[in-house]
Each structure stands twice: as C-alpha cells, then as structure tokens.
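# Provided below for reference: sequence and predicted model.
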Amino acid sequence: MIFAILLTAIGTAKASDALEYDFNQANEAYQKGDYEEAIDNYLKLVAAGIDNSTLQYNLGNAYFKTDQLGMAIACYHRALKLDPRNDDILANLEFARQNMIDKVDPTATSPIWNWYRSIVLYYTANEWTVLTSIFLLLSALILIYMIWTRERGMIVKGILSLLLVLFMISGICGGVNINLNYLKSRGAIVVPEVSIKAGPGGSFDEQFIAHEGLTFDILKQESGWYLGVFDNRLKGWIRVADATRI
Amino acid sequence: MFRWVATILLAITLPVSLSADDLTFTAGVDRTQVAVGEQISLELTVAGSVQDLPEPSTPQIAGFQVFGAGRSQQFSFTNGVVSSSVTHRFVLTPQAEGSLIIPRQSLSYKGKTYVTSPIQITVTKGAARAPQQSQRRGQQSEQTSNGQSSEDDFFIETVVSKDTIYVNEQLTLTFRFYQGKRLYSEPEYKPPSATGFWVEDLPPQKNYYKNLHGRDYYVAEVKRALFPTSPGEKTIGSASLEIKGNDVMSLFDRDPFGFFERRRSSVKPVSLGTDPINVVVLPLPTEGKPVDFSGSVGNFKMSTSIDRTEVEVNQPVTVSIKLSGRGNIKTLAEPQIPDLPDFRVFNSGKAEDVSKAGYVVGGSKTFETTFVPKKPGTFTIPAVVTNYFDPESGEYKKLVGRDYEIKVAGVSNEEIASRSGVLPGRLALVATDIRFIITNQSGSDSFGGLYVTNPIFIFIACLPLIALGVVFAVRRHKDKLAGDVGYRRLRHAVKTAQKHLAVAGSHLDKNEADQFYTEVSRALYDYIGDKFNLSAHGLTEKQMKTLFSEKKATEETQSTFFGIVSTCDEGRFTPSSHEPDVMRGLLQRAQEWIVNFEQNIK
C-alpha cells in the first residue's frame, strides 16, 4: 500500500511542478476579485486531470462569487468525496445551500438510513478500503498465530471473531460508499430556474419548477435529458444542459 | 392502411431525427389510382421534437382541384424520442385523365428547407366510370322507391357564432351533420382548416332529431372554439364528410319490404363538403388601450393569496395570483411582477384549469411567485395590476390585486457582514459569506482513483492471505513429520546419508581408514533403511536384493551398491587398501550412487 501511494505521489509531484503555477495564478486572481479569471485557471487544472479536494473547493468558491450557485454546490460535493471531514468545505456547502430557493426536505428517507449514510460518508472510499485491508491483515495475523502455536483459547477466538466482524462491516461500508460516491450519478441544477418535465422533451407537461443548486439522483440519460429523482422522491426530466454531474 | 404506413414511417424516421429542431416533412396519399371525378386524400405531415411546428402552405397542383380538409395534431413518444406531428389533409379532385404528379412540397423552418418526395398519380377514365353509373342507377331506384332526393338523405353545414369578432375573442364554429338515413358506421369527418386561429375542441358532441322541410333528420353537432390570432379577413376552410358504401339504410322506413330497400340503397359512397366561411377579425381598439396591455381578451377576475406574512431573512414567501373567467386561458399572460430591491424574486410555478362548460372556453390560471427577503423589516409587496379587453362592452378593464405587508425578522446579510462575525453576548457565529479559498496545495488527491481498482493495492492487501496459506502448509508439513516416522525417514534419508558421508570425509582427512569405511557403509545401509522404513541393522544381502527388485532397480545400481559395501568391509580389515586416492574414489562413488538412486528410484 505504501508502495502504491509512493507511486502515485511521484506522479502527482511531477504534475504539480508543472501545474503549481496555474494553481497559484488562479488563487491570485481570486484574491484580486477576478473570479472569472480564477475559474478559467482552476478549470485548466481540472482539464489536466487534477482531481483534488482543494482545487474543487476553490473552484466552488469562485463559482459562488460569480453567482453560479449550482456549479458551486456541485464543486463542493466533488470536494467532499475526497475530503469528507473538511470543515471549510462543509461550511461553504451549507452556506451555499442556504442561498437556494428550494428547501427540499428529505422526508421520505428513513432516519436509520440517514444515520448509516452519514457514517459511510464520514470516510472516503479509499479510507474504508485501507481500513478493510488492515482488518484483513490483523485477522490473518491472528489466524497465523493460532495455526502456529495451536492456541485455541477463548480470548484468541474472541479477538479473531471481532476482527472478522470489523472486516466485514468496513468492507460493506466501503462498498456502500463507492456506490454512493462513484457508481451512482448525481446531478445539480445549474440554471436559475428550470421546468421539470414529465418526459424527455420540451413539449411534455411541466411537473414542477426547480431552482439552481438543487441536487438529484440521475436514474438515466435519454436524448439529451436526465431522469432525476429529487431528495423528496419527486421525479422528472431535466435537460442535460440545465444540470451538471457531480 | 395509410395511417399504418405513416406510423411506421414516423417510427423509422424518428430515431434518426434525434437532435432538437430537426423536422421531418412527409407527404402521402390514400391511393395512387383514381378516376376522374373521384377524390384523393393528400396528407402532409410535419413532425419533429419542437413545440411550434410550422404549417405548410396549401399546395398548388396542376391538374387537380385542391381543398383543405383540416389538420390533426398528435404527440408521440417512440424509442425515447418525443415528437409532435401535425397532419394537414387536402382533398384533391383530378380534372383530367392521364398521369399526374403531385410535385415536391417544400417547407422552410429556421433557415432550413424540407421537401417531400413527389408522388405519381394515375387518373383513369373507363374503369372507374362503370361502377359510378351503376351507383347512380341504384340511387335513382332509391329515389323512386322513397320518393325523396338522395342528396337530401345526408347533408352537412357549418355555422359560426359571429362573422365579426375581435382578435383573441372566442368564435364558436358549429358543424352539423343531418342524417335522413341510418348509418352503420361512423363517417369520416374532416374538420375545416382554421389557419390563423388558435383552436380548442368543445366536447361533447350533441345528438338530436330535427324536422327540416317536412322530413325528420338525426343531427350530430360538433363545436369548436376558434381564437383568431391576428386581425384581418380570415377564411375558415370547408369541412368534409365521407360516407362509405354499405353503411346506409333507411332511417324512418316502416315498409315491410324495407329489408330489400336497404339492400339496394347500401351501395353509394357519399362525399359532402361545405363552403368556406369568411370572418372579419377586428383589431383591438386603440382608444383607451393601456400602455402595458396584457393581450388577454375575455372576461376575467383576479384573486391573490399569500402563504405567510411573517418570515425570516432568506426564507421564501409565495404569492399566488389566480386569474379566472371566460377567454383563452392557455394564452393568458403572466401579470407583471414589480421588481423589489429588498427581495429576490422567482417564478415558482403555474397551473391551468381549462373548463369548456356551455361551449365557452374559460377556467382559471394560477401563477406563483416566490419572494425571498434580503433584510429584516416591514415591507409591502405591492398589488399586482393587469388588464384585459372585454369584447362584450368593447372596453379595456383593469384588474387590481391586493398588496401584502410582510414582516421580516432576523439579521440582514449585509449587516452581518459588517460585524466582526462574533455577536456580542453569545458566541453563535452566523455565516456571512463563504470561507476563503485554500491557497496551499494541501487537500486530498484522488491518487489516481480508487484503491480497490488498483492491482498493486489488491496484491498487497492479499499478502496476509498468502502468508496465511504458507503458514498453514508449513504447519501441516511439520505435523506430518511429527506424526509419521516413515514419512520423516523418507524425507530425511538423503540428508542422513549425506551427514554420514560428510563424517566419512572428515575421517579420510584425518587418515582414519577404519572409521571412514564404517561411516560410508553406514551411510548406504541407513539410507536404504530410511528409504524403506526398515531397521538397517538386520538387513541381509538377500533381503536387499528383494527390495531392489521390488523398486525395479537396475542390475548396475545393485552391483554398484554391493561393490561399495564389500569394498568397505574389505577396507576395514585390509590395510593395503588404505590408499587415500582409492578411499576418495569410494566416497565419490557412494555419493554418486545415492544421487542416482534418488533420481531413478521412487
């Protein structure tokens, strides 16, 4: 694992040499209040394949400053995937949400699921993966000890069972995290006001009106339209151009 | 049949026309062979995923008389593609026989021109005429038998409620179908074309009996509401009705031989049409026209409501404006919402409820507007003002809603911004702005993706399992050694023999010939003993030969073995053989023999 981190660290170190300049330039532009310029520079880094929580956070800030609430919220969500306990990201996401028009209550979801979700999302997918492999390592060590020494006492057995249970729990949490953060697609509305349609086309009936920053699960994409489910279980079709994938 | 073809055609062309604003424009006819005097139905279909489809102009076709026969509109959803299509029907009557061509029809939309394929029509003379005459004969016999003109059996008329109306005022078009005889199946009705009008169907259809010119008729009445979209002289096209053969029977005939009458009269297809109607559409009067006229025509009332009047900063307040009354509800414009500097204003929804009670289009339309206050205080959302034109009185009328006073509590965004962030007396920190960017390159990278998909990580994570497997195998091996003497002896046979030979080597170096020969001899005997799990001491030459032959050892292997053993026995007692070279050679041979035996004998 250390080896893997080292490998990627070398890769990013090389890239950051070349791109550090862009990052600093973007930050300077932001500090001067030239948010459009900052966005351009941050986007250059994103285009270069940099996927970093600080970059997404700063980009989100620049979007917020240019009144692009939906893009800002999408960026904060992307940043949280990589750094879920970062106080700054959480604070700015909350602040941006307060500026939204639609207050959606996720009433339809059960409190148990919400609690479980908050635990799963407290760590990143990679943190869960490392945790799972640590429990696997410890379980293997205990087993090796048991095999080698023929020790079969209650204590060793207890420790082994505990480690195996922890291994399974963290494995499941990691799986759920990957599902929520990477396999499921979410979107955010990026235009001030959008009409949510009953079907994938402009001529369909309007279901309701949604405003910038509202997020939804993308169920499918069809001929330029997303079928989205909002947190209050309302469903509707949104033009792809009116939303961004998180 | 044609409809099927058209539907299939549409289904095929739709997935291709995925991109927005793409239109298809197709033409089709119900038949390509026709006799002079008969009619062809031409359908021009405009389809696409746009909301306001363009209308093709009435085609001018040499050799045919062309009448508009209405339009039909439909929405469809095929293979994930939404499309609306409008079909315009035209009735073509050929003027002369021969081969005629319906030329390409073209349609311009957003700078693009769409054309249809030309259609060839063969107009015949003789073939179709004979049945026509026979029909006529049948008709005459009917006339004589009933004493009535067959032209009077069926007729249709269209009537408009007024011939002079204002723009966007409702004009009711009534179509009546008088039947002097009963029909077995529904005739094919093509409503009149109404270019320049917004059309609303007015259900339900009315049916009643009516006495006309001394004869009873069964009347079917269909109404439509037309709203002219612009002033000027407009023409409502002709309506047509097609009654197919085999459908007709006498309606009020009580003749006992009526059955035969029916047989005879059920031959003739009838095609009926009405004359186009001209209507004068007046522009709305300029006198007294408000500057901000909304364009609504009819008779409306306005009511407003608010969901709450006491809120906090950044909490939304929703005002609903409901317009209800008579008129074209669907085109009702949203009342102007004044721009309020202390609020952020959003349009948050609209709902329509169209009623057609008493054949008058009306209903209500509700507009919802959300106001989000930016700072605390008491504010007034001013009354909404809109207007409409009442065609009955010929005057413009004004509608005024009511104003609402809203109390906004909390702290304004700017005020918090001006403070230091920490409010005196309490440490509740109210966010005033987003937090600043992070300028150093900390933060978590995605490290090139998820670990679970990284093969190196998977390998490292699996290492404990591999270690576990190795330990398990080693443990098993050890257990087997401990529990099975034969297994252990077999595994250790070579090692033991080599140990003895090494000892023999050291005796050789010290020139202790006696011990040397003893060790070499023991090495071989113990090796055989270990191999076969027997005691080396009691082994006789005979026993060994049996063992060797059991293991299928070659003659050479056996003779070498016994050669070395006898040399050892001799060497112990014959001092002459104490030559170091001979002894070294013997040691070499013993080693080679063991290696050889290991390789060949299993």
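Now that the structure is in, tell me what you want to look at.

# Please name the residues that touch the closest residue to B:V280 other than its chain neighbours.
Excluding its sequence neighbours, the residue lying closest to B:V280 (CB to CB, 6 or more residues apart in numbering or on different chains) is B:T164, at 4.7 Å. From N, CA and C alone the C-beta is placed, and that goes for glycine too. B:T164 is in contact with B:279-280, B:282, counting by CB atoms under 8 Å, 6 or more residues apart in numbering or on different chains.

# Closest to chain A out of those residues?
Chain A lies nearest to B:V279 out of the contacts of B:T164, by CB to the nearest CB, at 29.4 Å.

# Let me know the secondary structure of the closest one.
Three-state assignment for B:V279 (DSSP: H, G, I helix; E, B strand; the rest coil): strand.

# burial count for the residue nearest to it when sequence neighbours are not counted?
Leaving aside its sequence neighbours, B:V279 sits nearest to B:K234 (CB to CB, 6+ apart; 5.0 Å). Residues within reach of B:K234, counting by other CB atoms under 10 Å in any protein chain shown, total 20.

# For the helix or strand hosting B:K234, enumerate the helices and strands it packs against.
Per DSSP states H and E: B:K234 is located in strand B:232-236. Contacts defined by 3 or more CB pairs under 8 Å, 6 or more residues apart in numbering or on different chains; DSSP states H and E place strand B:232-236 against strand B:277-282.

# quick one: the strand it packs on to chain centroid distance?
Distance, stretch centre to chain centre, for strand B:277-282: 45 Å (CA atoms, centre = their mean, to the nearest Å).

# Can you name the next helix or strand after it?
Next element after strand B:277-282 (DSSP H and E): strand B:298-306.

# ok so, going back, sheet-wise, list the partners of the strand holding B:K234 with their directions.
The strands beside strand B:232-236 in its sheet (DSSP bridges) come out as strand B:277-282 (antiparallel).

# host element of the residue most central in space within chain A?
For chain A, A:K81 is the residue whose C-alpha lies nearest the centre (CA atoms, centre = their mean; 3.0 Å). Take DSSP H and E as the rule and A:K81 turns out to sit in helix A:69-82.

# Just checking that helix against chain B, any contact.
Yes. For helix A:69-82, a contact with chain B is found by CB under 8 Å from any CB of the partner chain, at A:79, A:82.

# Relative to the whole chain's centre, how far out is that helix?
Counting by CA atoms, centre = their mean, helix A:69-82 comes out at 8 Å from the chain centroid.

# and the next element down the chain from it?
For helix A:69-82, the succeeding helix or strand toward the C-terminus, using DSSP H and E, is helix A:87-98.

# Go through that next one and flag the buried ones.
Of the residues in helix A:87-98, A:88-90, A:92-93, A:95-97 count as buried by neighbour count, 16 or more other CB atoms under 10 Å in any protein chain shown.

# To what extent is B:Q60 buried, counted in neighbours?
9.

# pretty sure it contacts B:F90?
No. With contacts counted by CB atoms under 8 Å, B:Q60 stays clear of B:F90, the gap being 10.8 Å.

# shared neighbours of the two, which are they?
With contacts taken as CB under 8 Å, 6+ apart, the residues that reach both B:Q60 and B:F90 are B:V66.

# After the strand or helix carrying B:A467, which helix or strand is next?
Secondary structure assigned from DSSP H and E places B:A467 in helix B:455-483. Proceeding N to C from helix B:455-483, the next assigned helix or strand is helix B:485-509, under DSSP H and E.

# Identify the residues contacting the nearest residue to B:L399 once chain neighbours are set aside.
Distances taken as CB to CB, 6+ apart place B:M302 nearest to B:L399, at 4.1 Å, with adjacent residues excluded. Residues near B:M302 by CB under 8 Å, 6+ apart: B:321-323, B:335, B:384, B:386, B:399-401.

# Looking at neighbours, which among the residues you listed is most surrounded?
Each of the contacts of B:M302 was scored for neighbours by other CB under 10 Å, and B:L323 scores highest at 27 neighbours.

# Name the helix or strand for it, please.
Going by DSSP H and E, B:L323 is in strand B:317-327.

# likewise B:R589?
helix B:580-600.

# Can you mark which positions in that helix are buried?
Residues B:583, B:586-587, B:589-591, B:593-594, B:597 are the ones in helix B:580-600 that count as buried (16+ other CB under 10 Å).

# how about these in TSV, adding distance to chain A and pLDDT?
Converted to TSV, the buried residues of helix B:580-600 look like this (distance: CB to the nearest CB, whole Å; pLDDT from 0 to 100):
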residue	distance to chain A	pLDDT
B:M583	46	85
B:L586	45	86
B:L587	40	88
B:R589	43	88
B:A590	39	89
B:Q591	36	88
B:W593	39	88
B:I594	34	87
B:F597	35	84
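
# In chain A, where is pLDDT below threshold?
Within chain A, the ranges that satisfy pLDDT under 70 run A:1-18, A:104-109.

# can you give me the strands for chain A?
With DSSP state E, the ranges of strands along chain A come out as A:185-189, A:193-197, A:206-211, A:215-222, A:225-230, A:235-239, A:243-245.

# Make TSV out of those and add distance to chain B and mean neighbour count.
Formatted as TSV, those follow (distance: least, CB to the nearest CB, whole Å; neighbours: other CB atoms under 10 Å in any protein chain shown):
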stretch	distance to chain B	mean neighbour count
strand A:185-189	13	21
strand A:193-197	6	19
strand A:206-211	5	18
strand A:215-222	5	17
strand A:225-230	9	21
strand A:235-239	10	20
strand A:243-245	16	19
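
# Kindly reformat the ones you listed as CSV containing distance to B:S296.
Output for those, formatted as CSV (distance: least, CB to CB, whole Å):
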stretch, distance to B:S296
strand A:185-189, 32
strand A:193-197, 22
strand A:206-211, 21
strand A:215-222, 36
strand A:225-230, 33
strand A:235-239, 29
strand A:243-245, 34
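
# The closest residue to B:S296 other than its chain neighbours: neighbour count?
Leaving aside its sequence neighbours, B:S296 sits nearest to B:Y388 (CB to CB, 6+ apart; 4.0 Å). B:Y388 has 25 neighbours, counted by other CB under 10 Å.

# just checking, B:Y388 touches B:K301?
No. Contact criterion CB under 8 Å: B:Y388 and B:K301 do not qualify, at 10.1 Å.

# which neighbours do the two share?
Jointly contacting B:Y388 and B:K301 under the rule CB under 8 Å, 6+ apart are B:L399.

# any idea where the helices of chain B begin and end?
Applying DSSP state H to chain B gives helices spanning B:2-16, B:126-146, B:258-265, B:413-418, B:455-483, B:485-509, B:513-532, B:541-550, B:555-573, B:580-600.

# most neighbours per residue, which of those helices?
Using mean count of other CB atoms under 10 Å in any protein chain shown, the stretch among the helices of chain B with the largest mean neighbour count is helix B:513-532, at a mean of 21.

# rewinding a little: for the contacts of B:M302, could you give me TSV that also reports pLDDT?
Formatted as TSV, the contacts of B:M302 follow (pLDDT from 0 to 100):
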residue	pLDDT
B:I321	90
B:K322	90
B:L323	90
B:P335	83
B:V384	87
B:T386	88
B:L399	87
B:V400	87
B:G401	85
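
# how close does the residue lying closest to B:T116 once chain neighbours are set aside sit to chain A?
Excluding the flanking residues, the one nearest B:T116 by CB to CB, 6+ apart is B:A27, at 3.7 Å. Separation of B:A27 from chain A (CB to the nearest CB, to the nearest Å) stands at 23 Å.

# just checking, B:A27 touches B:L42?
Yes. Using CB under 8 Å, B:A27 makes contact with B:L42 at a distance of 6.7 Å.

# List the residues that are in contact with both of those two.
Common neighbours of B:A27 and B:L42 (CB under 8 Å, 6+ apart) are B:I102.

# so where's the stretch 401-550 of chain B shaky on pLDDT?
For the stretch 401-550 of chain B, applying pLDDT under 70 flags the ranges B:412-432, B:441-448.

# most distant residue from the middle of chain A?
Largest separation from the mean C-alpha position in chain A: A:R150, at 46.3 Å (CA atoms, centre = their mean).
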